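Participant: Here is a sequence with its predicted model. Questions after.
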Amino acid sequence: MIRHLTRKAAGWLVMIVVATNVTYVLAAWFLDPRSNYRGLRPVRTEEQIDHALAPYNLDPRTPLADRWWHWFSNVLLHFDWGKSPVGASVDSEIGFRVVVSGQLVTAATLLSVVAGVALSVFTASRQYGWWDRTTQLVSVFLFNVPAAVAALAVVFAGIWLNQHLGWRLLYVAGEKSPDVSGVWPTVADRFRHLVLPTLSLTLLGYVGYHLTQRSLLLDNINSDFVRTARATGLTRAQAIRRHALRASLIPTATSVAFSIPAIFTGAVITETVFGWNGMGQYFVQTIAKNDVHGAVAVAAFGAGMTAIGAILADVAVVVLDPRVRVR
Amino acid sequence: MATTVTSLPEPLDPDTTAPGPAARAGGGRLYLRRFARNRPALFGVVLLVLLVLFSVCGGWLTHFSYTDVDFTALTQPPGGTHYFGTNQGGNDVYAEAVHGLQRSLVIAVSVSVLTIVLAAVIGAGAAYFGGRVERLTLTVIHFLLVVPSFLILALVSHHLAGDWRVLILVLTVFGWMSTARVIWSVSTSLRERDYVLAAEFMGVRPWRIILRHIIPNLGSLLIVNLTLGVVATVLSETALSFLGFGVQTPDVSLGTMLADGSGTITTAPWLFGYPAALVVLLTLSMTLVGDGLRDAFDPSSATGARGGRR
């Protein structure tokens, strides 16, 4: 079992390394750091611009392979992700942003899984009932809402709520207030900022789990092992929760890894709308400013989040599926 | 006919009538009948037709074009000659919405057609050849599915941006993977069918077998994935354009309109409300049609809520 998990983890590590390097090559190819200097006065020649970029390992005259090796060895040996075209350190930018985005993506993923699975258990045992139909209608509707629309609608609802309460309960901009001190006020302040972005990400994320889990559960509900469980004296709800759900959770657990890229994409938009200084917003900035090293760092972060989700999913499968444990 | 059976929620009826000679005579008629019995799907069709009509003919109802600037009416609420109001620059939101919907529709439909062709060829090819080709293809698909491909998409389309035709190409190149995986998994069973083996023994060339014998038998799967691909494309085009990496000014799509309206949702909600409503109606109608088609082709599927990949 440990060997099974180690092998999977090693596979994901290779995936992160390959993904990051592919992104580096693409970014170096498609982004043009020289454009940051073109608009400056006094006008510089192309040669002067290349010269200015050279200390940041962005000089286009250096062959791509050399730049790549320089960058890669720095990341490996010193965990130094490089400099932006104007010389700002990428490491100092991503340090706090990783925490900001990490908590957003983690909270949204966990909430989506919990809400989706709970809703599917609740509705699958009431198939074609009022609750089943209504929640399914809502989920199919939310499935079709673009992330930008969902985030803006949540902002709108938040502002409306604050206006009706007469004071600002939930913040719609930023990830923290600048002038809060003390442990509990800080936690409360972070929480009031976190609620709405997490809500807007969860609204989009839970749908997939609800709909897939519901149909998987319905496949299992009438199978022999659930009937046997009921014959031992369990109620229908108990049989579903302890036996049908356990079997049908396995494919869902595997799909968590695949859904994290989507949640991260949603986080890029959510952070933009809510003005969070996270990795998603940083990514938009780095691409707009042709910051090769910054963009690659974000891609590495995204791949890393996916890998962590995948490893956790593997652990969950090991816990759920006795067949894997025996091997 | 349809009114008498709509009260039955289970698609039992077509199976009992299917063995009859009339039903066997026309598979298309049978699918059509099953589809017509599905009320949400019909609603989706009506909605879709209305939206397409709006995008094609909506421009005739106003004398403003989406590039026109009306300096006498800046940030004007809906009403008067500007049906949907105007934005901060004096552009008519109605004309923008018509053009934006048209742009989003054209991009979405062309991307999903191209994607399905690419996915069918790659997925069926991988399943047919098997062995090393199959393993390599699946590795590439798995890799692209897991990498935050949206980031790479943004990176590439930022560089090439401005032109919506280039956007179609970029969205296709990064959008075929999950469909190809579904097609691959279905094709693996088709590969063992007798008619494929027979064609092989007769010496038919591999690509001819794939194009003539495997892909046509995936027809219903391809059609369903085509409609659902439109939904996925609209969503990613909107996201890219919203962030400024997709369609760019002076061109207008629903995503750029959302971005324009995002700053003023409390002071000028119409700038955000109309494009938001149009996007959601477009994707919703396509989803309903896609689910209806899936139920019509395969009545045993549990209302099609199953995701493509496991």
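Facilitator: On my side now, so go ahead.
Participant: give me the low-pLDDT residue ranges for chain A?
Facilitator: For chain A, the stretches flagged by pLDDT under 70 are A:325-327.
Participant: and what of the stretch 1-150 of chain B?
Facilitator: Within the stretch 1-150 of chain B, the segments meeting pLDDT under 70 span B:1-27, B:148.
Participant: which residues in it form helices?
Facilitator: In the stretch 1-150 of chain B, helices defined by DSSP state H, counting those that start in this stretch lie at B:2-5, B:13-17, B:21-25, B:27-36, B:39-57, B:93-129, B:131-146, B:149-160, listed in chain order.
Participant: how near is residue A:192 to residue B:295?
Facilitator: 45 Å (CB to CB, to the nearest Å). Using the backbone N, CA and C atoms, a C-beta is placed for each residue, glycine as well.
Participant: Just want to know which of those two has more residues nearby.
Facilitator: The residue with more neighbours, out of residue A:192 and residue B:295, is residue B:295; 23 against 15, by other CB atoms under 10 Å in any protein chain shown.
Participant: List phi and psi for the more buried one.
Facilitator: Residue B:295 adopts backbone torsions of phi -60, psi -40, taken as degrees, to the nearest 10.
Participant: and the stretch 201-327 of chain A, which residues reach chain B?
Facilitator: Residues of the stretch 201-327 of chain A that fall close to chain B, judged by CB under 8 Å from any CB of the partner chain: A:208, A:211-212, A:214-216, A:218-219, A:251, A:254-255, A:257-258, A:261, A:264-265, A:268-269, A:272-273, A:283-284, A:287-288, A:295, A:298-299, A:302-303, A:306, A:310.
Participant: just to revisit the earlier point, looking at the helices of the stretch 1-150 of chain B, which is closest to chain A?
Facilitator: Nearest of the helices of the stretch 1-150 of chain B to chain A, taken as CB to the nearest CB: helix B:149-160 at 3.9 Å.
Participant: any bit of the closest one sitting next to chain A?
Facilitator: Yes. Using CB under 8 Å from any CB, helix B:149-160 reaches chain A at B:149, B:150, B:151, B:152, B:154, B:155, B:156, B:158, B:159, B:160.
Participant: how big is the angle separating the next helix or strand after that helix from helix B:131-146?
Facilitator: Beyond helix B:149-160 in the direction of the C-terminus, DSSP states H and E gives the next helix or strand as helix B:164-173. On the basis of axes from the mean of the first three to the mean of the last three CA atoms, to 10 degrees, helix B:164-173 is oriented at 120 degrees to helix B:131-146.
Participant: Buried residues in helix B:164-173, which are they?
Facilitator: Under the neighbour-count criterion of 16 or more other CB atoms under 10 Å in any protein chain shown, helix B:164-173 has B:164, B:167, B:168, B:169, B:170, B:171, B:172, B:173 buried.
Participant: do you know how far the residue nearest to the spatial centre of chain B is from residue A:244?
Facilitator: Closest to where the C-alpha atoms of chain B average out (CA atoms, centre = their mean) is residue B:230, at 0.9 Å. As judged by CB to CB, residue B:230 and residue A:244 stand 34 Å apart.
Participant: quick revisit: turn the residues of helix B:149-160 next to chain A into JSON lines, including neighbour count.
Facilitator: Converted to JSON lines, the residues of helix B:149-160 next to chain A look like this (neighbours: other CB atoms under 10 Å in any protein chain shown):
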{"residue": "B:149", "neighbour count": "20"}
{"residue": "B:150", "neighbour count": "23"}
{"residue": "B:151", "neighbour count": "27"}
{"residue": "B:152", "neighbour count": "23"}
{"residue": "B:154", "neighbour count": "26"}
{"residue": "B:155", "neighbour count": "24"}
{"residue": "B:156", "neighbour count": "20"}
{"residue": "B:158", "neighbour count": "23"}
{"residue": "B:159", "neighbour count": "18"}
{"residue": "B:160", "neighbour count": "14"}
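Participant: Closest to residue A:197 out of those?
Facilitator: Lowest distance from residue A:197 to the residues of helix B:149-160 next to chain A (CB to CB) belongs to residue B:150, with 17.7 Å.
Participant: Now do that closest one against residue A:261, distance only.
Facilitator: 7 Å.
Participant: Residue A:224 now?
Facilitator: Using CB to CB, residue A:224 is found at 37 Å from residue A:261.
Participant: Was I right to think residue A:257 contacts residue A:306?
Facilitator: Yes. Using CB atoms under 8 Å, residue A:257 is in contact with residue A:306, at 6.2 Å.
Participant: Return every residue with contacts to both of the two.
Facilitator: residue B:146 (CB atoms under 8 Å, 6 or more residues apart in numbering or on different chains).
Participant: With neighbour numbers in mind, choose between these two.
Facilitator: residue A:306 (26 against 21).
Participant: quick check, that one in a strand?
Facilitator: No. Using DSSP: H, G, I helix; E, B strand; the rest coil, the assignment for residue A:306 is helix, not a strand.
Participant: List the contacts of it.
Facilitator: With CB under 8 Å, 6+ apart, residue A:306 has these contacts: A:257, A:260, A:261, A:264, B:146, B:147, B:148.
Participant: Could you rerun that using 10 Å?
Facilitator: Applying CB atoms under 10 Å, 6 or more residues apart in numbering or on different chains to residue A:306 gives the contacts A:12, A:15-16, A:19, A:256-261, A:263-264, B:145-148.
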